[in-house]
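1. Quick one, structure for this:
(one chain, ligands or ions: 1)
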Amino acid sequence: MAVRQVAVVSSVVAVSILSLTTVGSSDNPPAPTVDRIGFSAVKDYQKWTLLYVFDRPDNKQVRTVYGNDPAAATTDATLCNYAYGSIVVMETWRAIQDSAGNPVLDANGRFQKDPAAAPTIFAMKKEKGYGVDYQQNRNGEWEYVAYHPDGSYQTLPQNSFSCAICHLQAGQSKDWVFRFGLHLTRASGAVPDGTIKDYRFVPSVIFAKPGSTITIYNDDVIEHTVGDQFPAAWDPVHIKAGSSVSITFPNQTGEFNFQCVLHANMKGKVIVQ
Ligand SMILES: [Cu+2]
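-> This next block holds a predicted model:
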């Protein structure tokens with residue numbers, strides 16, 4: 001049994017931003033009218049620190065998130081309080097899909113970007129005093145905007161209230177950035193095949209294809225391990241809370257029992273068939 005790496009998950013959100021009134025756009029929720037991020041400040045984002053790659057199973061997207069130096073320097077120790085000047089960019093791509101519309105996975109079990117479709121570039125920047133124009137929907141000192149690759153707008157500043165309203169859900173404790181935890185725990189954003197919750201593997205039996213990779217995500221509050229039960233192969237993989245492990249199986253059928261070494265009654269099985 002080959003193992004290792006680290007990976008994660010999902011949650012999502014919907015938001016209703018409609019205000020039913022008679023008079024057009026002035027009834028939108030408040031937002032900045034000027035772009036204080038600027039495409040020129042983000043266009044080289046692919047050279048920044050890669051924070052996480054998240055596979056979105058619902059809308060079949062690959063979301064690749066980058067941070068400039070001040071953003072990437074953020075740690076648990078700074079309580080995810082991003083330094084001024086931080087810019088986080090999320091590039092969203094359509095995933096390559098088979099004829100049934102299912103994402104085609106690569107050798108590591110990950111979604112693949114479809115080069116035939118153009119990505120969208122979402123950006124958020126924190127600077128002293130930013131965000132005030134969102135008024136009641138303010139997210140600390142962040143402002144938002146989204147671009148197409150040619151620098152034209154996908155979401156204008158005056159429409160970026162939708163970003164702020166939804167990112168309110170990430171909350172102040174995360175400084176309104178949803179999934180920076182993936183970066184901190186070195187987790188991957190693969191779609192999980194199994195989770196660990198309240199001292200259990202859920203589900204306790206996972207089915208996999210020969211040669212495929214599965215990802216188990218620790219959605220509990222403390223560390224657990226996944227180890228092959230046979231003593232000779234005992235090599236538990238430690239998975240911190242909020243993190244995950246990806247395990248690649250040999251190209252043959254078989255059953256693999258696993259267990260948490262920290263909690264002996266936590267058991268599960270992968271059936272490769
Ligand atoms: Cu455990």
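
2. Centre-most residue in the protein?
-> Ranked by distance to the mean C-alpha position of the chain (Cα atoms, centre = their mean), the top residue is Phe54 at 4.0 Å.

3. quick one: that one is in a helix?
-> No. Using DSSP: H, G, I helix; E, B strand; the rest coil, the assignment for Phe54 is strand, not a helix.

4. Need the three-state assignment for Pro70.
-> Going by three-state DSSP: Pro70 is helix.

5. how about the CA coordinates for the longest helix belonging to the chain, as PDB?
-> Scanning the chain for the longest helix, with DSSP state H as the assignment, gives helix 161-167. Coordinates of the C-alpha atoms in helix 161-167 are reproduced here as PDB (Å, rounded to 0.1, in the frame of the first residue of the first chain):
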ATOM      1  CA  PHE A 161     -21.100  43.700  -2.500                       C
ATOM      2  CA  SER A 162     -21.900  40.200  -3.500                       C
ATOM      3  CA  CYS A 163     -18.400  39.100  -2.600                       C
ATOM      4  CA  ALA A 164     -18.500  40.900   0.700                       C
ATOM      5  CA  ILE A 165     -21.900  39.600   1.700                       C
ATOM      6  CA  CYS A 166     -20.800  36.000   1.100                       C
ATOM      7  CA  HIS A 167     -17.400  36.300   2.600                       C
END
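
6. per-residue confidence averaged over stretch 242-251?
-> For stretch 242-251, the mean pLDDT works out to 88.

7. circling back: wait, the residue nearest to the centre of the chain sits on Gly189?
-> Yes. Taking Cβ atoms under 8 Å as the definition, Phe54 is a contact partner of Gly189 at 3.2 Å. C-beta here means a position set from N, CA and C on the backbone, and glycine is covered the same way.

8. quick revisit: quick one: name whatever helix or strand follows the longest helix of the chain.
-> helix 180-184 (DSSP states H and E).

9. so what does the following helix or strand past that next one touch, helix or strand wise?
-> Next along the chain after helix 180-184, taking DSSP H and E as the criterion, comes strand 194-197. When contacts are defined as 3 or more Cβ pairs under 8 Å, 6 or more residues apart in numbering; DSSP states H and E, strand 194-197 packs onto strand 200-202, strand 213-218.

10. Could you list the buried residues of the shortest one?
-> When neighbours are counted by 16 or more other Cβ atoms under 10 Å, the buried residues of strand 200-202 are found to be 200-201.

11. Can you tell me what sits against that strand?
-> The contact list for strand 200-202 (Cβ atoms under 8 Å, 6 or more residues apart in numbering) reads 194-196, 216, 258, 266-268.

12. got it, and the last one?
-> If you take Cβ under 8 Å, 6+ apart as the criterion, strand 213-218 is touched by 7-9, 105, 107-109, 187-188, 190-196, 201, 206, 208, 224, 226, 239-249, 270.
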